[in-house]
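[1] dropping the sequence and predicted coords here.
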Amino acid sequence: MHGPDVTVKYIRLIWHLAAERVRHAGSGMRSVIKANPNWHLQPRAPAGTPEGGQWIAYLTAGAASILPVLMRLGPKAARLFREIARRVGPTLRRLPKQWGEKSKFPDEEEFDTETRRIGPMSRQRPGQPVLRFRNERELRNYLGPAGPGREWHHIVEKRLEVLFSPELIHSTDNIINLPVDLHRHINGKMSRKSSATNDIVRRFYVSRFSFRDQYNHGIDLIREAAEELGYDPDNL
């Protein structure tokens, strides 16, 4: 079949496919912007490197480091990791120290060679190793439930794993076990505007900060919220 009608139908098909590609790209962009409003400022590893195209995680504006993508654990490594995670879990009810000027995420070489998840002694939680997870589901799988009336809380919000890195966000340095009412009170404060945040929702206001500054803000916010509800911040 030939003729003008076929040509028109063909052109319409091409236009339809092009429109679908634009719609799909727009939908993806909306998701990125919603999760990370500063996506356009986020550096990526250069093409041609093993990490090419991946997010570059940074702790301060002037110090960038590329963190590896964690792989699935083998049976032996998983048992070791689970054993240590269960031992570390109860200590996560204590408020960690703030991120100091000299604090840094451990170098890759400092992590256990068998699991690549068990790091050196933490600066934020002295006496406990740093444990890192691929995502929140894995974190909950290894640490287990927070306990009756309690929930796991990310000090630097978990939605920012697209800005920093999953293993930095989902690490035992960035997790604390809180009472449910305290956790929800903190989330409520993060969802409100105030003159202190230039009438911007607090979570969007602080998301422009470095990891260290967001972390320290999170620690201060936990203390503030705990005192408002009558909790002892050093004995949560």
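    Right, received. Where do you want to start? Worth saying up front: this structure is predicted, and the values here are computed from it rather than measured.

[2] and the strands in this structure, which stretches?
    57-60, 63-65, 118-121, 129-131, 150-154, 175-179 (DSSP state E).

[3] let me know which of those is the nearest to Leu95.
    Nearest of those to Leu95, taken as Cβ to Cβ: strand 175-179 at 6.6 Å. C-beta coordinates here come from the backbone N, C-alpha and C atoms, glycine included.

[4] ok, which of the strands of the chain comes nearest Arg203?
    The closest of those to Arg203 is strand 150-154. By Cβ to Cβ, the value is 11.5 Å.

[5] and the closest one, what does it pack against?
    Packing contacts for strand 150-154, counted by 3 or more Cβ pairs under 8 Å, 6 or more residues apart in numbering; DSSP states H and E, involve helix 136-143, strand 175-179, helix 180-190.

[6] now tell me what touches that strand from outside.
    Strand 150-154 has contacts (Cβ atoms under 8 Å, 6 or more residues apart in numbering) with 139-140, 143, 146, 169-170, 174-180, 183, 186, 222.

[7] by mean pLDDT, show me the worst of the strands of the chain.
    Among the strands of the chain, strand 63-65 has the lowest mean pLDDT, at a mean of 40.

[8] now the contacts of strand 150-154: which count as buried?
    By neighbour count, with 16 or more other Cβ atoms under 10 Å, the contacts of strand 150-154 hold 139, 143, 146, 169-170, 174-179, 183, 186, 222 as buried.

[9] show me which of those is closest to Arg159.
    Using Cβ to Cβ, these come closest to Arg159 at Ile169, 8.8 Å.
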